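>>> structure, please.
(2 chains)
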Amino acid sequence: MRDSLQKERFGRKGAASPEKAGGALLVHAAPRSKSKAWLGLIPFFVFIFAFMIIPAGSLLIGAFQRNDGHFSLVNFSKLFRPNIISSYVVTIRLSFTTALGGGLLGFFIAYGICLGGLPKGTRSFMSTFSGVASNFAGVPLAFAFISTLGRMGLVTVFLRTVLGIDLYASGFNLYSFWGLALTYIYFQIPLMVLIIQPALDNMKKEWREASENLGASPLQYWLHIGIPVLLPSLLASFILLFGNAFGAYATAFSLTGGLINIVPILIGAQIRGDVLHDPNLGYALALGMVFIMTLAILAYSWLQKIASRWMK
Amino acid sequence: MKNGTATRKAMSWFWLILGLLYFFIPLISTFLFSLRGKKGVLSFVAYQHVFADPKFLQSFLFSLQMSVYTIIVGLVLIVPTAILINLKIPKAKPIIELFSLMPFVIPPVVLAFGLIKFYANPPLTLVSSPALLVAGYVVISFPYIYRSIDTGLTSMDLKVLTEAAQSLGAGWLSILFKIILPNLRTALLSATFLTFATVIGELTLAVLLAWPAFGPYMAHVGRDLAYEPAALAILSFMMTWGSISLIQFLSHGIPGAKSEIGGLH
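Reported below is the predicted structural model:
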């Protein structure tokens, strides 16, 4: 019995690495050190579960409970109240508008940089720049826009006194939808520049040259080459910008003082004081948000996968 | 052909200038606005007021302290994890990358809600402890920290370096402290500055967990005063600019280093 076992062990050892004893030793050691390595990931996973997954999961459970703790779907039917529907609609409209506006402007800026013809340092300057601008958000950004486009803001005053255009008389208000949209676009543009740049860098110069040599017009080039190649990246970036605006709380809170009816503000108000008189409805509201963000990230990952076909 | 190039160049300039205007007009307005603290003349009075307010320093120091804790906890948690994954269990990489997308799916406002709900009652009453705020900050900054460290690890030849050190008889501790961490210097510093830039003016978690941090302080000043908020905005902008420029300066020339995409909006 013992003999045969030993034989087997030796046999395996011989098969694994006949030339080096050290190699065989490694083969034996590998599984144990591998499972030990997995143990090393425990602190990280414990942390992430304790402070992200489980608390978020507890909201999910709360969303499926009545106030007395029984399982129920009643919170989701309450999501169809007019004021809640309208807050989702406004948030989606805001995210869509700023993702489109910021995305287009950011794309054209990034494309211009890629085309060349601009001074040499433009590229690295713009990349630092976009890094700063996309991180410059929240309270200070709100202040900057109040100083610019608020009632006493310099641009507002300039337009009124020098050009005779009274923004506020013509219906503009910084603390409403369009004011918030202009403010969001401030961080959406640089974010777009940062995320679309790699995709633009992958557009080979040869493609355009080849198509031009074959007699294609710029329109044909874009229709048959440019847009098909770029489309997945463009859509993916758009979705990222959309989600970025959808979850934003700090900028909206400090600009409007919590008065605009968007979902993050509603959730924040729910935390600060029970405005809905119904904590479980608050959980459902948060769950609705997580649901939309999950759809966004799934679409993003899928589009990134398609886009990566052209990345080499 | 020549005509086409000229048009393209003109278009590049057009969009670039439009973008720069969008970026600079609010900054310049804010700066000019911040100088109007005294009637009729341009002065730095608003800045003096900001610095004279004891709550300014208190809240700033509080946030600074929180950012230091966040950086320490974040690095201690994420650096070993990232090294293990790159060196021993590449299989786990997709899992961690999936987790690094989670803070996007769970925006700070929802995270705050979850933390408050889950940690409000015994046995785990953490709501009134700054530890919960730090934990939330670590969750928020985890994707940025992980990405910087991962970029740093993949850009050095981790496997070859460790094997070489091992064959020379180095133990794990000396490999970590004498080989890996020194090579990871830049990535560690990038992660540090990015976390700092994120945490120092953070509003959502701080305001919802009711901490006297710098973000809520700024929001409070904005409600009561006119010119001081503009001064605070300029100061914050300079801090962000400083942090990001340092990161870009440090990561210059590292293959695969990307501009950091981050920020809490």
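>>> contact partners for residue A:258?
Applying C-beta atoms under 8 Å, 6 or more residues apart in numbering or on different chains, one finds that residue A:258 lies in contact with A:265, A:268, A:269. For the C-beta atoms, the positions are set from N, CA and C on the backbone; glycine is no exception.
>>> next, it: secondary structure please.
Applying DSSP: H, G, I helix; E, B strand; the rest coil to residue A:258 yields a three-state assignment of coil.
>>> quick one, phi psi at it?
Phi and psi for residue A:258, reported as degrees, to the nearest 10, are phi 80, psi 20.
>>> residue 68: neighbour count?
In the absence of a named chain, this looks at chain A. 7 (other C-beta atoms under 10 Å in any protein chain shown).
>>> was after chain B, sorry
Residue B:68 has 15 neighbours, counted by other C-beta under 10 Å.
>>> so which residues of chain A form strands?
When secondary structure is read from DSSP state E, chain A shows no strands.
>>> about what we covered before: which ones among the contacts of residue A:258 also lie next to chain B?
Restricting those to those near chain B by C-beta under 8 Å from any C-beta of the partner chain leaves residue A:268.
>>> format the contacts of residue A:258 as JSON lines; extra columns: neighbour count and pLDDT.
Rendered in JSON lines, the data for the contacts of residue A:258 read as follows (neighbours: other C-beta atoms under 10 Å in any protein chain shown; pLDDT from 0 to 100):
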{"residue": "A:265", "neighbour count": "22", "pLDDT": "91"}
{"residue": "A:268", "neighbour count": "23", "pLDDT": "88"}
{"residue": "A:269", "neighbour count": "17", "pLDDT": "87"}
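>>> so residue A:306 touches residue A:230, yeah?
No: under the criterion of C-beta atoms under 8 Å, residue A:306 is not in contact with residue A:230, lying 11.4 Å apart.
>>> more crowded one of those two?
For residue A:306 and residue A:230, the more surrounded residue by other C-beta under 10 Å is residue A:230, and the numbers stand at 21 against 13.
>>> and the more buried one, how far from chain B?
Here residue A:230 is placed at a distance of 16 Å from chain B (C-beta to the nearest C-beta, to the nearest Å).
>>> pLDDT score assigned to that residue?
We have a pLDDT of 87 for residue A:230.
>>> my read is that it contacts residue A:207, right?
No: the criterion here is C-beta under 8 Å, and residue A:230 misses it with residue A:207 at 11.3 Å.
>>> list the contacts for the residue of the stretch 51-200 of chain B found nearest chain A?
The stretch 51-200 of chain B approaches chain A most closely through residue B:107 (2.9 Å), counting by C-beta to the nearest C-beta. By C-beta under 8 Å, 6+ apart, the residues touching residue B:107 are A:246, A:247, A:248, A:249, A:264, A:289, A:293.
>>> mind giving me the PyMOL select for the residues you listed, buried ones only?
PyMOL command restricting these to the buried ones, with burial defined by 16 or more other C-beta atoms under 10 Å in any protein chain shown:
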select buried, chain A and resi 246+247+248+249+264+289+293
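>>> which among the contacts of residue B:107 gets closest to chain B?
Within these, the smallest distance to chain B is 2.9 Å, found for residue A:247 (C-beta to the nearest C-beta).
>>> out of the contacts of residue A:258, who's nearest residue A:35?
Distances from these to residue A:35 were compared by C-beta to C-beta; the smallest belongs to residue A:268, at 44.0 Å.
>>> name all residues that make contact with the closest one.
Neighbours of residue A:268 in contact, by C-beta under 8 Å, 6+ apart: A:249, A:253, A:258, B:109, B:204, B:207, B:208.
>>> next one, pLDDT for residue A:32 please.
Here the pLDDT value assigned to residue A:32 is 55.
>>> should've said residue B:64
Per the predicted model, pLDDT is 93 at residue B:64.
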